[in-house]
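In: I would like the atomic coordinates for the input below:
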Amino acid sequence: MAASNQTQTLDNLEQNEEFDYSKRSQWLRAAVLGANDGLVSTASLMMGVGAVKHAMKVMILTGFAGLVAGACSMAIGEFVSVYSQLDIEYAQMKRDQKRPGEAAADGGGENDKEGLPNPLKAAAASALAFSAGAVVPLLAASFISEYRVRIGAVVAAVSVALVVFGWLGAALGGAPVVRSSARVLIGGWLAMAITFGLTKLIGSRGL
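Out: Now for the predicted structure:
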C-alpha cells in the first residue's frame with residue numbers, strides 16, 4: 001500500500017514538472033515572438049524613413065519612436081487581453097463555488113487563484129520582449145554616419161537576430177530549426193524591403 005502511494009506521488013510530481021515546463025515554454029515562446037515583432041517592425045520603420053531621409057539622427061529618432069510606441073501598444077494590448085481572461089476565470093470560479101461540494105472537491109479556491117495570470121506581469125513581459133528586439137536595429141545604426149554603411153549594418157544585424165529568434169522559436173515549439181529560421185529570416189527581409197521600396201516610391205513622387 002505504501003509503495004503504491006509512493007508511486008502515485010512520484011507520478012503526480014512528474015506530471016506537475018511537465019506542466020510547469022509546458023507553461024514556461026509557452027511564456028518563452030511568446031517572449032521570442034514579441035522580440036521578433038519589435039525587431040522587424042522597428043527595423044522596417046527605420047528602413048522606410050531611411051529611404052527618403054539619410055540623416056543618422058532621423059533614423060535613430062524614428063527607431064526610438066517605434067520602440068516606445070510598439071512597447072506601449074504591446075503592453076496595453078497584453079494587459080487588456082489578460083485582464084479580460086482574468087475576469088472570465090473569476091466569474092467561472094464564483095459559479096463553481098455556488099455549486100454544493102464543488103470547492104471542496106477541487107481543493108478550495110485559493111489554489112485556483114494562485115494559478116491565475118497576472119495582467120501587470122504579462123504587460124511588462126510583453127513590453128520588455130518588444131523592446132529587446134527593437135534595440136537591435138537601433139544599436140546597429142548608432143554612430144555610423146555613412147548612409148550606405150549604416151543601412152548595411154542594420155540589415156546585417158537584423159538578419160543575425162532573425163536567425164537567432166527563428167531558432168529559439170523552433171526549439172521551444174518543437175519545429176524544424178532550419179525551416180523555421182529561414183521562414184523568419186525571409187519574412188523579415190520582405191518586411192524591410194517592402195517598407196523601403198514603397199516609402200522610396202512615395203518619397204520620389206514628392207508626396
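In: now the helices for this protein?
Out: 2-50, 56-98, 102-106, 110-114, 119-141, 147-173, 177-204 (DSSP state H).
In: Just the pLDDT for Gly48.
Out: pLDDT, Gly48: 94.
In: Just give the number of residues close to Lys57.
Out: If you count neighbours by other Cβ atoms under 10 Å, Lys57 ends up with 8. Placement of C-beta: from N, CA and C, glycine included.
In: if we can go back for a sec, the helices of the chain: lowest mean pLDDT?
Out: Comparing mean pLDDT across these, the weakest is helix 102-106, with a mean of 51.
In: Dihedrals phi and psi, His54?
Out: phi -90, psi -10 (degrees, to the nearest 10).
In: check contacts around it.
Out: Tyr147 (Cβ atoms under 8 Å, 6 or more residues apart in numbering).
In: now it: how far from Ala43?
Out: 17 Å (Cβ to Cβ, to the nearest Å).
In: Could you pull up the contacting residues of the residue nearest to the spatial centre of the chain?
Out: In the chain, the C-alpha nearest the mean C-alpha coordinate belongs to Gly34, at 1.5 Å (Cα atoms, centre = their mean). With contact set as Cβ under 8 Å, 6+ apart, Gly34 has these partners: 74, 125-126, 129-130, 133.
In: Likewise for Phe143?
Out: Taking Cβ under 8 Å, 6+ apart, one finds nothing in contact with Phe143.
In: Check Ala122 too.
Out: For Ala122, the contacting residues are 78-79, 81-82, by Cβ under 8 Å, 6+ apart.
In: Tell me, how many residues neighbour Ser204?
Out: A count of neighbours around Ser204, defined by other Cβ under 10 Å, yields 10.
In: ok, now Val58?
Out: 14.
In: ok, and the closest non-adjacent residue to it?
Out: Take Val58 and drop its neighbours on the chain: the residue closest to it by Cβ to Cβ, 6 or more residues apart in numbering is Val49, 6.2 Å away.
In: number of nearby residues for that neighbour?
Out: Neighbour count for Val49, taken as other Cβ under 10 Å: 22.
In: so of the helices of the chain, which one's packed in deepest?
Out: Most buried of these, by mean neighbour count (mean count of other Cβ atoms under 10 Å): helix 119-141, with a mean of 21.
In: Could you check the angle it makes with helix 177-204?
Out: When axes from the mean of the first three to the mean of the last three Cα atoms, to 10 degrees is applied, the directions of helix 119-141 and helix 177-204 differ by 70 degrees.
In: Just the angle for helix 119-141 relative to helix 147-173, thanks.
Out: Going by the same axes, to 10 degrees, helix 119-141 makes 140 degrees with helix 147-173.
In: list the contacts for Ala31?
Out: Neighbouring residues of Ala31 by Cβ under 8 Å, 6+ apart: 125, 129.
In: could you redo the last one with a cut-off of 6 Å?
Out: Contact analysis of Ala31 by Cβ atoms under 6 Å, 6 or more residues apart in numbering lists Ala129.
In: about what we covered before: closest to Met59 among the contacts of Gly34?
Out: Met59 has its nearest neighbour among those in Gly133, at 16.9 Å by Cβ to Cβ.
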